[in-house]
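Visitor: predicted model, plus sequence, below.
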Amino acid sequence: MSVVTNQNRQTNARARQAGPLETEGFTVKSLLKNAKVSGPARAEATRIRNSKPTAFRKFYERGDFPIALEHDTKGNKIAWKVEIEKLDYHHYLPLFFDGLCEIEHPWDFFARQGIHDMLEHGGNKILPVIPQLIVPIK
């Protein structure tokens, strides 16, 4: 018994001489007398994250959307190449909602203004498309 007690004393003496033990919180080591508990890791919640290019950007760059940018004295507008009422809402509206993730010009403007124009002129074509909008909105 004296050998074990003697070893414990030597271990405790070495720990006191070495200084505080760096450890994370909420662990068994953090309960030791010589433990110095470090704070939690940074969450980096405000860090800018690069997003992947959306399907909206890919379709716009390929020229699949019937839209163009029209400069006006009152600002920018979307020039629709076809009538909005004749568009396939099941195809285009979810793509425009996907474009809401974009933060660069002109994609952010086209996404917001395109959604506004389509919802304004859509009438009864909008309601059947709502289930398809859930994934892009998430």
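Guide: Sure thing, it's come through.
Visitor: my guess is P20 contacts N34. True?
Guide: Yes: assessed by CB atoms under 8 Å, P20 is found in contact with N34 at 5.4 Å. Every C-beta, even on glycine, is put in place using the N, C-alpha and C of the backbone.
Visitor: least confident secondary structure element in the chain?
Guide: When each helix and strand of the chain is scored by mean pLDDT, DSSP states H and E, helix 2-18 comes last, with a mean of 61.
Visitor: list the helices and strands the following helix or strand past that helix packs on?
Guide: Proceeding N to C from helix 2-18, the next assigned helix or strand is strand 21-24, under DSSP states H and E. The helices and strands touching strand 21-24, judged by 3 or more CB pairs under 8 Å, 6 or more residues apart in numbering; DSSP states H and E, are strand 35-38.
Visitor: report the buried residues of the helix or strand following the strand it packs on.
Guide: Once the chain leaves strand 35-38, the next helix or strand it forms, by DSSP H and E, is helix 55-62. Across helix 55-62, burial judged by 16 or more other CB atoms under 10 Å covers 56-57, 59-60.
Visitor: and what of stretch 33-53?
Guide: For stretch 33-53, by 16+ other CB under 10 Å, it's 35, 37.
Visitor: need the contact partners of that stretch.
Guide: If you take CB atoms under 8 Å, 6 or more residues apart in numbering as the criterion, stretch 33-53 is touched by 15-16, 19-25, 29-30, 101, 103.
Visitor: show the end-to-end separation of that stretch, please.
Guide: When the termini of stretch 33-53 are compared using CA to CA, to the nearest Å, they are 52 Å apart.
Visitor: mean confidence (pLDDT) on that stretch, please.
Guide: For stretch 33-53, mean pLDDT is 84.
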